[in-house]
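Novice: Using only what follows, build the 3D model:
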Amino acid sequence: MVARILRLATLAVALLGSTLGASAQNGPPNLRTGSLFPTLTGPSLKGDPIHLPSEAEGHSIVILFSFSRAGGQRAQEWIQHLSREIPSIDIYSVIFLNPVPAPLRGMVVSSIKTKIQIRQQSRTALLYGKANAWKPLLGTCDVQDVCVLLLGPDSHIRWMTGGAFSVNGDLALSSQLKSIGHE
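Specialist: Numbering: from 1, shown residues only. Purely as a prediction, here's the structure:
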């Protein structure tokens, strides 16, 4: 009797373990270096649609993701530095506005517009209700901060980092751009 209970318990644990393993494998994989960047669409600050990575097909771009006000401020630091240091790279910014209540979104978007240069506004996407889908994908970044991705001309991720702009991050990004032939 005890042997039978142990066999049943062992079988139950094995089945439970395989079920948990299968569900973990079926979840969204984290984006990492070498991954093909998934499709992202949303309106820009100017109201025009942004379709990534198809808009950038054939050339390298940097994409900054921010999920919070602090992340948005860090994204602006990256944009300012990269625009100055690597002016030939197109920079896209994705701002997730999930936590902003619908009645306040117009005011928040107006405030964001005042802080972003006009030429960058057409490359800044506003996404509502999609943060829960993207946070697991960007799991290697601190989603309370900014997540920075470099896409190569083939739409694959060549480099990722998160957090405040740093000279080391800039050097690493520059090195990756050179390795894929971006001048």
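
Novice: Where does pLDDT dip in this structure?
Specialist: Within the chain, the set of residues satisfying pLDDT under 70 comprises 1-28, 143, 183.

Novice: what are the ranges of the strands in it?
Specialist: 40-43, 49-52, 61-66, 90-96, 124-127, 146-151, 157-162 (DSSP state E).

Novice: If residue 51 is in a bridge, with which residues?
Specialist: Assessed by DSSP bridges, residue 51 has beta-bridge partners residue 41.

Novice: do you know which of the strands of the chain lies nearest residue 109?
Specialist: Judged by CB to CB, the one of those that comes nearest to residue 109 is strand 124-127, at 6.6 Å. C-beta here means a position set from N, CA and C on the backbone, and glycine is covered the same way.

Novice: For that closest one, name the packing helices and strands.
Specialist: strand 40-43, strand 90-96, helix 105-115 (3 or more CB pairs under 8 Å, 6 or more residues apart in numbering; DSSP states H and E).

Novice: want to try a markdown table for the strands of the chain, with distance to residue 74 and mean neighbour count as columns?
Specialist: What follows is the strands of the chain, written out as a markdown table (distance: least, CB to CB, whole Å; neighbours: other CB atoms under 10 Å):
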| stretch | distance to residue 74 | mean neighbour count |
| --- | --- | --- |
| strand 40-43 | 20 | 16 |
| strand 49-52 | 20 | 16 |
| strand 61-66 | 7 | 24 |
| strand 90-96 | 11 | 22 |
| strand 124-127 | 14 | 22 |
| strand 146-151 | 4 | 25 |
| strand 157-162 | 9 | 19 |
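
Novice: For residue 179, see how far away the residue positioned nearest the centre of the chain is.
Specialist: Centroid-nearest residue in the chain, with CA atoms, centre = their mean: residue 65, separated by 4.5 Å. Residue 65 sits 23 Å away from residue 179, going by CB to CB, to the nearest Å.

Novice: coming back round to it: could you dump the helices and strands packed on strand 124-127 to CSV with distance to residue 141?
Specialist: CSV is the format used below for the helices and strands packed on strand 124-127 (distance: least, CB to CB, whole Å):
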stretch, distance to residue 141
strand 40-43, 15
strand 90-96, 12
helix 105-115, 21
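
Novice: what's around the closest residue to residue 81 other than its chain neighbours, how many residues?
Specialist: With CB to CB, 6 or more residues apart in numbering as the criterion, residue 81 has its nearest non-adjacent residue at 5.0 Å, and that residue is residue 165. The tally of other residues near residue 165 (other CB atoms under 10 Å) stands at 21.

Novice: Let me see the contact set for residue 165.
Specialist: Contact analysis of residue 165 by CB atoms under 8 Å, 6 or more residues apart in numbering lists 74, 77, 78, 81.
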